[in-house]
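Chemist: just coords:
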């Protein structure tokens, strides 16, 4: 199925080739601002700082450009995680003790974007803003209410009911996607049957069931690179970019960060920043670069003979939400199957009018946020989404499951074109906490990533409560007509459907939601203005600064944070 899809996308690329959109620049030795990371936050900051007159900016991106139709075609997002696409960091965790027991060597795959636009170019396109309570410990400048004006500045709402929580004046297309499908309406009805109220999950009232919002327009994905970086590079001649360039070190003059060294095709290049170096590489790469530059735990740096610039707990506090697939077969034509995906009709609909199944995301247009603890908190601990497919052609590779379990895990479902859907409950706020450490001083060596998934019992209990809630959803009168049977996981020693059975499933097959954070947290590594403690001229703007996890996909949160930081820099400069 993936091969056929790849051939069709390649043919589409020939019929409608990309025009080069990024101008070619000769790099200079010095810029006002050097941004390390051309992902979500980096793209926004480059765009906004470029609005200042006589401002020069360099964006350093480790990945390649985003000239790939698979990125823009919404339904093709599942293929972007394949390692041979070379769009992701091929991270693997260290062997896990309490989780990933069904994975090869108990190591979990952690696919994060390594391409212009970062994870906004390869993810599910879900737009979210977190929960009001998420920001309670971030400091006075980082309340949800303080971020709302920047969410609105950023957003270009297309088909959303107008309210105080949405704007049509921004840059980033945000929409409900395709017309709400039958399955999505059944999901929404099931949630309301169980007593959940209908809400807008991007507002201050997040608990309940809601229509999902996506960064899509005109049947295409709109990433941070396409929305913000491309216009900045084309309209502001002092914005330069270099791709396939891995930052290796930050150099200091006294305690001021003054230069970034990066490696491109085996050649080291150093550029100077007159005003600031801004790190936007994410919760894995940013702590790695800081530690290679001498900012990190002194005892860790000593192991690699890295001179200490500042002793800070860089890399500590890693939290990464987990999710699980719960799959159901159906006898109704409600899902995205191999034959529908690879049909001539689907290709032609998209080629001529950007409509049809290729213009749709695999996600249903319904999502729900739930507090399983029932403690009166307005902050959810579980998010439940739905995939409009019972199996994916490359799901074993995505998960990195043990080779001997691949056939059992897929159970021939994709090859047989099985109709159905998949519930995806996500543990939003893991209590389990891990760390990122240096593996070596080699710039191309991935760091040691140890999230210590499920090391806290409460995380297992929350996922178990989420599974039981999914079972209630499946039993409602709204959804039951769409289900013929649940798809089983491989058997374990415990009675099927017992709590111990599901505990084993969770410990074997729960996998990353792809939203790691916390490794350079506010109050521990960065100040409230996100400048790095103990030095000058260095700032971090990515998910590593989160003091705690946020409720749901955090791409929308990053857009807002980047807008606010850029605004602050422009006002104080």
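Modeler: Yep, it's here. Computed from a prediction, not measured in an experiment: that's the story for all the values here.
Chemist: before we move on, what SS does residue 34 have?
Modeler: Here residue 34 is recorded as strand under DSSP: H, G, I helix; E, B strand; the rest coil.
Chemist: Kindly report the same for residue 473.
Modeler: The three-state label given to residue 473 by three-state DSSP is helix.
Chemist: Can you report how many residues lie near it?
Modeler: Residue 473 has 24 neighbouring residues, counting by other CB atoms under 10 Å. (Glycine included, C-beta is placed from N, CA and C.)
Chemist: so where's the longest strand in the chain?
Modeler: In the chain, with assignment by DSSP state E, the single longest strand is strand 267-279.
Chemist: That one: which residues count as buried?
Modeler: Buried residues in strand 267-279, counted by 16 or more other CB atoms under 10 Å: 271, 272, 273, 275, 276, 277, 278, 279.
Chemist: Look up the closest residue to residue 116, ignoring the ones flanking it.
Modeler: Take residue 116 and drop its neighbours on the chain: the residue closest to it by CB to CB, 6 or more residues apart in numbering is residue 225, 4.0 Å away.
Chemist: Can you pick out the most distant pair from the buried residues of strand 267-279?
Modeler: Within the buried residues of strand 267-279, two members stand farthest from each other by CB to CB: 272 and 279, at 16.0 Å.
Chemist: Give the pairing partners of the longest strand of the chain; include direction for each.
Modeler: Next to strand 267-279 in the sheet, as set by DSSP bridges, lie strand 30-36 (parallel), strand 256-264 (antiparallel), strand 538-540 (parallel).
Chemist: Can I get these in a markdown table including mean pLDDT?
Modeler: Compiled in a markdown table, the strands paired with strand 267-279 are given as follows (pLDDT from 0 to 100):
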| stretch | mean pLDDT |
| --- | --- |
| strand 30-36 | 97 |
| strand 256-264 | 97 |
| strand 538-540 | 98 |
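Chemist: Out of those, indicate the one that is most buried.
Modeler: Of the strands paired with strand 267-279, the one with the most neighbours on average (mean count of other CB atoms under 10 Å) is strand 538-540, at a mean of 26.
Chemist: and the direction of the following helix or strand past that one versus that of strand 267-279, what angle?
Modeler: Counting by DSSP states H and E, the next helix or strand C-terminal to strand 538-540 is helix 555-572. If you take axes from the mean of the first three to the mean of the last three CA atoms, to 10 degrees, helix 555-572 sits at 90 degrees to strand 267-279.
Chemist: what's helix 555-572 packed up against?
Modeler: helix 40-49, helix 144-154 (3 or more CB pairs under 8 Å, 6 or more residues apart in numbering; DSSP states H and E).
Chemist: Mind checking what helix or strand follows the first one in sequence?
Modeler: Spelled out, it's helix 40-49. strand 57-60.
Chemist: Could you tell me the average pLDDT over that next one, please?
Modeler: For strand 57-60, mean pLDDT rounds to 96.
Chemist: Next, count neighbours for residue 527.
Modeler: Residues lying near residue 527 (other CB under 10 Å) number 14.
Chemist: I misspoke; the intended subject was residue 475.
Modeler: As a burial measure, residue 475 scores 13 neighbours (other CB under 10 Å).
Chemist: right, and the helices and strands packed on helix 555-572 - which one's nearest residue 134?
Modeler: helix 144-154 (7.3 Å).
Chemist: And the residue nearest to residue 385 when sequence neighbours are not counted, how far from residue 499?
Modeler: Leaving aside its sequence neighbours, residue 385 sits nearest to residue 424 (CB to CB, 6+ apart; 4.7 Å). For residue 424, the distance to residue 499 equals 21 Å [CB to CB, to the nearest Å].
Chemist: In terms of neighbours, single out the busier of the two.
Modeler: Set side by side, residue 424 and residue 499 show more neighbours around residue 424, with 22 against 14, by other CB under 10 Å.
Chemist: Could you pull out the helices in the stretch 401-550 of the chain for me?
Modeler: Listed in chain order, the helices of the stretch 401-550 of the chain (DSSP state H, counting those that start in this stretch) span 406-410, 457-474, 499-509.
Chemist: Between the ones you listed, which has the poorest mean confidence score?
Modeler: Mean pLDDT is lowest for helix 406-410 out of the helices of the stretch 401-550 of the chain, coming in at a mean of 65.
Chemist: Rebuild the buried residues of strand 267-279 as TSV, extending it with distance to residue 330 and pLDDT.
Modeler: As requested, the buried residues of strand 267-279 are exported to TSV (distance: CB to CB, whole Å; pLDDT from 0 to 100):
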residue	distance to residue 330	pLDDT
271	55	98
272	60	98
273	56	98
275	57	97
276	54	98
277	52	98
278	48	98
279	46	98
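Chemist: Switch those over to TSV; also include distance to residue 193.
Modeler: Shown next, in TSV, are these (distance: CB to CB, whole Å):
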residue	distance to residue 193
271	58
272	62
273	56
275	56
276	53
277	53
278	48
279	47
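Chemist: Just the closest of the residues you listed to residue 316, please.
Modeler: residue 279 (16.8 Å).
Chemist: Is it correct that the closest one is in contact with residue 543?
Modeler: No: with contact defined as CB atoms under 8 Å, residue 279 does not count as touching residue 543 (11.8 Å).
Chemist: shaky segments in the stretch 251-400 of the chain?
Modeler: The stretch 251-400 of the chain contains residues with pLDDT under 70 at 393-400.
Chemist: what ranges do the helices span in it?
Modeler: Going by DSSP H, counting those that start in this stretch, the stretch 251-400 of the chain shows helices at 282-292, 298-303, 338-341, 344-353, 395-399.
Chemist: just checking, what packs against the first one?
Modeler: Spelled out, that is helix 282-292. Packing partners of helix 282-292 (3+ CB pairs under 8 Å, 6+ apart): strand 88-92, strand 109-113, strand 245-253, strand 267-279, strand 434-437.
Chemist: one more time with 7 Å, if that's ok
Modeler: Judged by 3 or more CB pairs under 7 Å, 6 or more residues apart in numbering; DSSP states H and E, the packing partners of helix 282-292 are strand 245-253, strand 434-437.
Chemist: same deal with the fourth one?
Modeler: In terms of contacts (3+ CB pairs under 7 Å, 6+ apart), helix 344-353 is packed against helix 2-15.
Chemist: neighbours of residue 421, just the number please.
Modeler: So residue 421, with other CB under 10 Å, has 28 neighbours.
Chemist: ok, now residue 323?
Modeler: 22.
Chemist: do residue 498 as well
Modeler: Counted with other CB under 10 Å, the burial measure for residue 498 works out to 11 neighbours.
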